[in-house]
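Student: Predicted coordinates and the sequence they were generated for:
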Amino acid sequence: MKINGNEIRPGMVIEYDGGLWVAVKAGAVKPGKGPAYNQVELKNLIDGRKLNNRFGSDERVERARIDTKDFQYLYAEGDMLVFMDSETYDQINLSKDFVGDRAAFLQDGMQVMVELHGETPIGFQLPNQVTLEIVEADAVVKGQTQSSSYKPAVLENGLKVMVPPFIKSGERIIVDTADITYVKRAD
């Protein structure tokens, strides 16, 4: 669907200059001379390049159609991660580089959302929170609990997180996947 250049807002995905771009920032500019325009900062979804561009109200751009589908994580195979479509049972392979650091949170059978443009995966979303076990936690120093201090702990997936002093090794906690922070003890 075509939209005017002045309708581009942050978060929109557009097809521009032969690629898929997400609008990071957008702001209307009314100069003293000349027509108003929309100053947009774009980020390429495939290679991560950034671009600043001016779009006039008379310029038309194609808004990309993005579908999200539920996939189940199956297993890792070398540098590839294998996922299965929850509806059709088709399998897709995504590189560990595509998933990034968040690959450490993947657990067998975990449901994830994959954003697709046509048949091409362009985005990946984990559940907001996951439950993991603490494999190593520093001992509590006497008097440390008087202030609201946190101590470092190592999770079963190898990531480090700051936890309250009462959390011990072997306990299960809930971790926020977006910013890798402790949320609460798991029941």
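Tutor: Everything's here; your move.

Student: In which helix or strand does the residue of the chain positioned farthest from its centre reside?
Tutor: Most distant from the centre of the chain: Lys33, at 40.7 Å, with distances by CA atoms, centre = their mean. Assignment of secondary structure by DSSP states H and E places Lys33 within no helix or strand.

Student: Show me what Ile173 bridges to in the sheet.
Tutor: Ile173 forms beta bridges with Leu132, Arg185, as assigned by DSSP bridges.

Student: what's it in contact with, if anything?
Tutor: When the contact criterion is CB atoms under 8 Å, 6 or more residues apart in numbering, the partners of Ile173 are Thr131, Leu132, Glu133, Ile134, Val161, Val163, Ile167, Tyr182, Val183, Lys184, Arg185, Ala186. Yep, even glycine has a C-beta here, placed from its N, CA and C like the rest.

Student: Which one of the residues you listed sits in the busiest neighbourhood?
Tutor: Using other CB atoms under 10 Å as the neighbour test, the contacts of Ile173 are led by Val163, with 22 neighbours.

Student: For the residue nearest to the spatial centre of the chain, which phi and psi angles does the backbone take?
Tutor: Nearest to the mean C-alpha position of the chain, by CA atoms, centre = their mean, lies Gln125 at 5.4 Å. Backbone torsions for Gln125, taken as degrees, to the nearest 10, come to phi -130, psi 130.

Student: Compute the distance between it and Asp176, please.
Tutor: With distances taken as CB to CB, to the nearest Å, Gln125 is found 13 Å from Asp176.

Student: List the residues that contact the residue nearest to the centre of the chain.
Tutor: Under the criterion of CB under 8 Å, 6+ apart, the contact list for Gln125 reads Thr68, Val112, Met113, Val114, Glu115.

Student: Now do the same contact list for the closest residue to Leu155 other than its chain neighbours.
Tutor: Leaving aside its sequence neighbours, Leu155 sits nearest to Leu132 (CB to CB, 6 or more residues apart in numbering; 4.6 Å). Residues touching Leu132, when contacts are defined by CB under 8 Å, 6+ apart, comprise Leu155, Glu156, Asn157, Arg172, Ile173, Val175.

Student: mind running it again at 6 Å?
Tutor: Taking CB atoms under 6 Å, 6 or more residues apart in numbering as the definition of contact, the neighbours of Leu132 are Leu155, Glu156, Val175.

Student: Repeat that for Asn53.
Tutor: Here Asn53 is in contact with Val40 (CB under 6 Å, 6+ apart).

Student: same question, the one 10 residues further on
Tutor: Contacts for Arg63 (CB under 6 Å, 6+ apart) come out as Met1, Ile3, Ile14.

Student: Ser86: which of the residues you listed is nearest?
Tutor: Met1 (27.5 Å; CB to CB).
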